[in-house]
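>>> quick one, structure for this:
(3 chains)
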Amino acid sequence: MSYAELAVTTNFSFLRGASHPGEFVERAGQLAYTAIGIADRNSLAGVVRAYEQWKKLENPPKLLVGARLVFRDGTPDILAYPKNRKAYGWLCRLLSIGKLRAEKGDCLLDLKDLQENRRGLLLIVMPPADAKRALPALAAFKSDVWLAASMLYTGEDRRRLRDLKAVAHAARVPLIAVNDALYHDPERRDLQDVVTCIREHVTLQEAGLKLQANAERHLKPADEMARLFSACPEAVAETVRFAGKITFTLAELGQRYPREPVPRGKTADQHLRALTEAGLRWRYPAGVPPAVAELAEKELRFIADGQIAHYFLTVHDIVKFARG
Amino acid sequence: MPRLPTDRLTRKSQFSAPLVISHKANNALYVYALEARAQKLGLYKGQPLANARAMVQPLEVVTADERADAALLDAIADWCDRFTPLVSLDGACGLFLDITGASHLFGGENALLATVIQRIASHGFAVQGAIAGTSLAAKALAHFAPGSIVACGGEAQTIAPLPIAALDCDDKILHALRHAGLKSIGQVAERLHSELSERLGKRFVTRLKVMLGAEEQPLQPRRPLPDLMAEQRFAEPVVTEAVISASLLSLAESLGGILERQGSGARLLEAVFFRADGKVERIAVKTGEALRDPKVMLRLLRQKLDALADPLDPGFGFDVIRLEAVLAEETKPATVSFDSDENARRQVRFLTDRLSARFGEHRVQRFVPQQTHIPEAAGVAVPAQDSDFTGQEWILKRRTNDPPRRPLRLLQRPEEIEAGLPVAPDGPPKYFRWRQCRHDVARAEGPERIAMEWWRKQGLTRDYFRVETKDGQRFWLYRDGLYRQDGFAPRWYLQGLFA
Amino acid sequence: MTHKKRVAIDSEPVWRIIEHIMNKSAQLAELRHSLARYGLPPERKPVATGHPQADAVLGGGLRPGSLHEVFVRSGGGFAVLLALLAAGGKSFFWVRPDYEAMEYGACSPNGLLELGGDPQALIQVRTRNAADALAAAHDILACPHVGALLLEIEGMPKCLDLVASRRLSLAAAESGVTAFLLRHGAQAQPSAALTRWQVDSMPSQAKDDDWGNPVFAAQLTRHRAGGLGSFSMKWNPANACFETPDIGAVVAAPADRPAHQKIAI
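Sure, this is the predicted structure:
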């Protein structure tokens, strides 16, 4: 029995989340989650820190990278997770569209924007208070869309779950369990209340219903999630299936240098080595001094390790052009 | 009243030896106040007590009781209220009365001053007074030239010859003035203001100006001033119920007439009864609706009077009865609107006013919504007269076709119940005992988890359950605290009853 | 002091009338008082409860301007709901002595809202004892602009006798305010009330373990103007009225329960 939490708001969702992405990843590891997904509001800002922490862990859960799309046209929030590297590009593009449209810092998105840029994105619709209002969003996508369900001790959890099941059935979309986490540990509730007050420009005394009624929006152990969803265990299983569909990791985002023409049969490093040796011979016709040869060797090795041979080949090309 | 502390004692009892009041300052005993006899023998205020004892034997010494002195001053101030409502305290032994426009009622300023002085003196107090155009001028004259009455504008002339001690400023400044060779206020006044303010401070200059009648410092009245008042003075103090009622009615009619002409109404009415022996009784009535009908005013006052635990005691009779209207505010020009809803609301407000006057304003309540998750604080009962109760935002928790999520009645204090262990850790109990009765739970909804407001006070998170028993009774229970690993057993409480 | 304004109509009688009115403030006050009664419904139509059988037996519904007595073992909310219906958007006064407020719980405006009522219309009066509560009830019943009065009394105090109920009935009839007397832990006594009800709570019906809306077993045991009956009445908060519960509901026989069992409400 395992679980993947896909709705996580870190402190990179400014003045909403109350824990660092690293803390979420670490806690997910402690709870032995299958996967954890970071999805901040209209932003990918938190994923890098999450990735850095993830690299430090032994046997960490899978790290999924996504964004929580918040729309200006009344569409409910939708979590978007790119399946692969290309899809990540589409997601970045979508966010850029929203940000370019707006004043500094803001992001204005319509459902139409998502529809036009959704290739490779797995979408989770977060239902509003009236579950039926999620239907238009669900109907807008033919595939790869889920409806989220959370059990947050509102006092009508059971009724709501029944409603969500009905809506999911009507839209022919699977239900997926989330805990919509705002912090990794319940003791961060106080901090979350404080940042809410700052965001809403009120004091704690005045904040009233703007604050959460309880401290349930943290990462919970898999067996507790299973218990909460005992009326709908498939929603919990779906989280693991969902995570399984994603292959993209941040490691794939290397520095992609444009391909430099390299002779057949040779790698960039080999070609650079050949050019370096030719150049050394031209520079030291009497014979290469040992110190210089040693230095060249050291540098070539360094370049090979850093995989930056292409850069030097480009420089060589420019110099060649300039000379000729 | 320079000798208020000793007078308080001497007017009640006789002391064979000269009386001195002592108090502690800087860990030593000093003379705080002294009676005339003691002063004649050479003792003075501020003298170390040991010296005083050495100089005069025998000496009666009593420790200072500032609170009693203050209470006495308050009572005298109350009595002075009959001359003008603008009375304010000056230190521990003095009173300011603003008699602007009131002196003609008492036969002119001379007569007024004489009356006040004579009446206070007749109660056994040494008293000095003066009248002037500004408070500080009057004070200086009262201390150093008692009995003076100065017309407005004449202060500078009358004050000028007074010694600089009359300036009532602290010793450092006095010292500086003496050093500069200035002996009278007039001499100080001749100096340039800029020179004075540089050396002695702006505050000193302002006070000097007030003293000379050039500026005025408004008084801080001890009671909020009424916006309107009507009073009736009796040559013979009145005792009978009938006369008092008739007086109240005619006062209400005068006030009503003025309010009518002004187009305003009263929100707070106070009837003040001045007894001949100096005590003052006050009866206040608050209204939800701005009032100017004399009959209604009288009815509300009567209800308040009738509801008093101790009926109004006239003693030897009231010699002044006054009706004050405080917080009068603008009302709409038409008293009777043809909007029947508005009219109905007004009539209901009159009804709540009557009920409040009769039973007490804290017993007649309406409700105000509060934005909070804490259930017992989400709707607060406040006195119905307090404010406007329209346009409120009440938050409905149930979804349209669902049953109610909050109980109709909330117990003032949640009552602990014995609960049978729940089937699930997050579930309601299977049965519980409340007030010696066992209830078996047939249906339940919840938990609704509500955490306490940590910035107000500590408290455990509550899990609320709406339970229905086998016979259909419906209760609101909560478990106080979550189950923990350490074997902590949370308690269960019943907080509400559903319809 | 008269103000003779230049008016087109320059007739002596008109001037005399104007002078007369402007001079006599007492008469103005009289005028005001009579105008205050302006805006009252001309006839008093019965207020339907929403439950077809109950309404039929009641002759259309609850008669306004009359006194209705409700005896409860449990299900005290029934009287509150009747009063809510009768108030119909106008103010609703709930009068009870301190003891009853402590014992049976303070009225919660949020709870009233959840049932479909308007907390802004609710005014609560807490008195020291039953006698004061009766006095307050009379004050309230004297004001024709009040929607409904709910008087909640425990036990059988001396002051609540036949004479008292007659006075309450008369006061209600005079002003048109509908009055409800909610009795806890009491037995029926001779009374001048128009209707008398015995009420118990009943299990709600809903799917699974869920709650349904509140259901009451209401027996109309006395009716001066018509027949008697026994009804299962379910309250619908969304429509703010009663209805028949779904078919298959078990109508509990309240007679089965011991008369004086002190059930905790």
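>>> and the residue in the stretch 101-250 of chain C that chain A sits nearest to, what does it touch?
Of all residues in the stretch 101-250 of chain C, C:Asp210 sits closest to chain A, at 6.8 Å by Cβ to the nearest Cβ. Yep, even glycine has a C-beta here, placed from its N, CA and C like the rest. Contacts for C:Asp210 (Cβ atoms under 8 Å, 6 or more residues apart in numbering or on different chains) come out as A:158-159, B:443, B:445.
>>> next: B:Pro490.
B:Pro490 neighbours (Cβ under 8 Å, 6+ apart): B:460, B:479-483.
>>> ok, B:Asn401 next?
C:Ala238.
>>> sec struct for it, please.
Of the three states, B:Asn401 takes coil under DSSP: H, G, I helix; E, B strand; the rest coil.
>>> cool, and C:Leu168?
helix.
>>> the residue nearest to it when sequence neighbours are not counted bridge partners, please.
Residue nearest to C:Leu168 in three dimensions, not counting chain neighbours: C:Leu67, with 5.1 Å by Cβ to Cβ, 6 or more residues apart in numbering or on different chains. Per DSSP bridges, the residues bridged to C:Leu67 are C:Ala179.
>>> do the lengthiest strand in chain B and chain C come into contact?
Criterion DSSP state E: the longest strand present in chain B is strand B:437-450. Yes - using Cβ under 8 Å from any Cβ of the partner chain, strand B:437-450 reaches chain C at B:437, B:442-445.
>>> read off the pLDDT value for B:Gly91.
With respect to pLDDT, B:Gly91 scores 79.
>>> what's the answer for the one 5 residues further on, then?
Residue-level confidence at B:Phe96 comes out at 85, pLDDT.
>>> hang on, the earlier thing: any idea how far the residue of the stretch 101-250 of chain C closest to chain A lies from A:Gly155?
12 Å (Cβ to Cβ, to the nearest Å).
>>> what touches both of these two?
Contacts common to C:Asp210 and A:Gly155, judged by Cβ under 8 Å, 6+ apart, are B:Glu445.
>>> just say helix, strand or coil for the residue of the stretch 151-300 of chain B found nearest chain A.
Using Cβ to the nearest Cβ, the closest approach of the stretch 151-300 of chain B to chain A is made by B:Gly288 at 27.0 Å. When classified by three-state DSSP, B:Gly288 comes out as strand.
>>> how many neighbours does B:Asp386 have?
13 (other Cβ atoms under 10 Å in any protein chain shown).
>>> whoops, I mixed them up, A:Ala286
Counted with other Cβ under 10 Å, residues neighbouring A:Ala286 total 5.
>>> helix, strand or coil for it?
Here A:Ala286 is recorded as coil under three-state DSSP.
>>> same check on A:Ala148?
Judged by three-state DSSP, the three-state class of A:Ala148 is strand.
>>> contacting residues around it?
Counting by Cβ under 8 Å, 6+ apart, A:Ala148 has contacts A:6-7, A:79, A:124-127, A:175-178, A:180.
>>> can you tell me how far it is from A:Ala293?
From A:Ala148 across to A:Ala293, the span is 63 Å (Cβ to Cβ).
>>> no further queries at this time; thank you.
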